[in-house]
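Chemist: Sharing a model that was predicted from the sequence below.
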Amino acid sequence: MPVQLFEGKDHAAAYLQYRVAPRELISRIMSYMEKGTPNQFKLAVDVGCGSGQGTILLAPYFTKVVGTDISLAQLEMALTQSNPPNISYRQSLAEELPFASGEVDLVTAMTAAHWFDRQKFLLEADRVLRPGGCLALLSYTMDMELEYGDVSDTLSDICKEFYTLLLPYRDPHIGSSSLKIYSDMFESCSYPDKEWNECLRVKRTLPLNGYIGMVQTFTPFQKLLQKDPAEAERLSDDMRNKLLSAMKASSPDADVTVVLKFFYWLARKP
């Protein structure tokens, strides 16, 4: 059964503000597509598009890009962006896409497929993809690292403490490892032309508060926030203060480099 989350407007707004758009992976997806049928890219569908950061990245490559999501709050936030004219958004289940069979050149899900009914989604993606069309699924692990001067290891250790404290609030639908979910989906995909990539390190320079804000968008933190707002605030403040102390910085606006570990897989329909 699909999971419906990210419905709150505040959460959707934070998602738009803090989540990282995976632009490095878009070029890899397009290179993979071009090996099969170059210059035949009419329609891309970004499933579980959220607030549209990844959807927009597809616009230069396709005649039309449609972002779909179950969450109306997320779609409303996506519409607040400066979307190119070939981008549109539709509310739909990942397992019931509003497209004709064989109509789509690319189906992608960016940090979203772990919430789907996975086998039903794979069947639906196969239905809407044209022969030679591609499926691209990507996400990243929660164990992000921070780089700052000569205290990078110390900062990353502080982050690990924070992630460990959030683990009890991880959604049972995901289990202990989202990477394993994607690996299992890859194994169950019957397409002979497919590739698995376990770690692509993506770096972004953000204010420290931007990193904290990103972690606060994660579902475990949101669950803690719902259960015990005071504890969620205390935990965030404690993490921020420990990081600032290690950095010897006075302001949470100080820039740090965040290292995200993306994994992804690509497959081409015969």
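Modeler: Yep, it's here.

Chemist: which residues in the stretch 151-270 of the chain form helices?
Modeler: Counting by DSSP state H, counting those that start in this stretch, the segments of the stretch 151-270 of the chain that form helices are 152-166, 178-188, 208-217, 219-227, 229-247.

Chemist: Now Val104. Its backbone dihedrals?
Modeler: When read as degrees, to the nearest 10, the backbone of Val104 gives phi -110, psi 140.

Chemist: try the one 5 residues further on
Modeler: Phi and psi for Ala109, reported as degrees, to the nearest 10, are phi -140, psi 120.

Chemist: In the beta-sheet assignment, what are the partners of the residue nearest to it when sequence neighbours are not counted?
Modeler: Once flanking residues are discounted, Ala109 sits nearest to Val47: 4.6 Å by CB to CB, 6 or more residues apart in numbering. The way it works is simple: take the backbone N, C-alpha and C, and place the C-beta from them, glycine included. In this entry, Val47 is beta-bridged to Thr68, by DSSP bridges.

Chemist: wait, Val47 sits on Thr108?
Modeler: Yes. In this structure, Val47 is within contact of Thr108 by CB atoms under 8 Å, at 7.0 Å.

Chemist: Name the residues of stretch 188-195 that come out as buried.
Modeler: Cys189, Tyr191, Lys194 (16 or more other CB atoms under 10 Å).

Chemist: and the first one, what does it touch?
Modeler: Residues near Cys189 by CB atoms under 8 Å, 6 or more residues apart in numbering: Leu122, Leu135, Trp265, Ala267.

Chemist: on that earlier part again, and which of the buried residues of stretch 188-195 is nearest to Leu155?
Modeler: Lys194 (36.4 Å; CB to CB).

Chemist: And the pLDDT at that closest one?
Modeler: Per-residue pLDDT puts Lys194 at 97.

Chemist: so where is the chain shaky, pLDDT-wise?
Modeler: 1-21, 38-39, 175-176 (pLDDT under 70).

Chemist: Spatially central residue for the protein, please.
Modeler: Nearest to the geometric centre of the chain sits Thr111, at 2.5 Å (CA atoms, centre = their mean).

Chemist: That one contacts Leu138, correct?
Modeler: Yes. Here Thr111 reaches Leu138: they are 7.0 Å apart, a contact under CB under 8 Å.

Chemist: overlap in contacts of the two?
Modeler: Shared contacts of Thr111 and Leu138, counting by CB under 8 Å, 6+ apart, come down to Pro22.

Chemist: Distance check, the closest residue to Glu95 other than its chain neighbours against Leu129.
Modeler: Spatially, and ignoring its direct neighbours in sequence, Glu95 is nearest to Lys120 (4.1 Å; CB to CB, 6+ apart). Distance check for Lys120 against Leu129: by CB to CB, to the nearest Å, it reads 15 Å.
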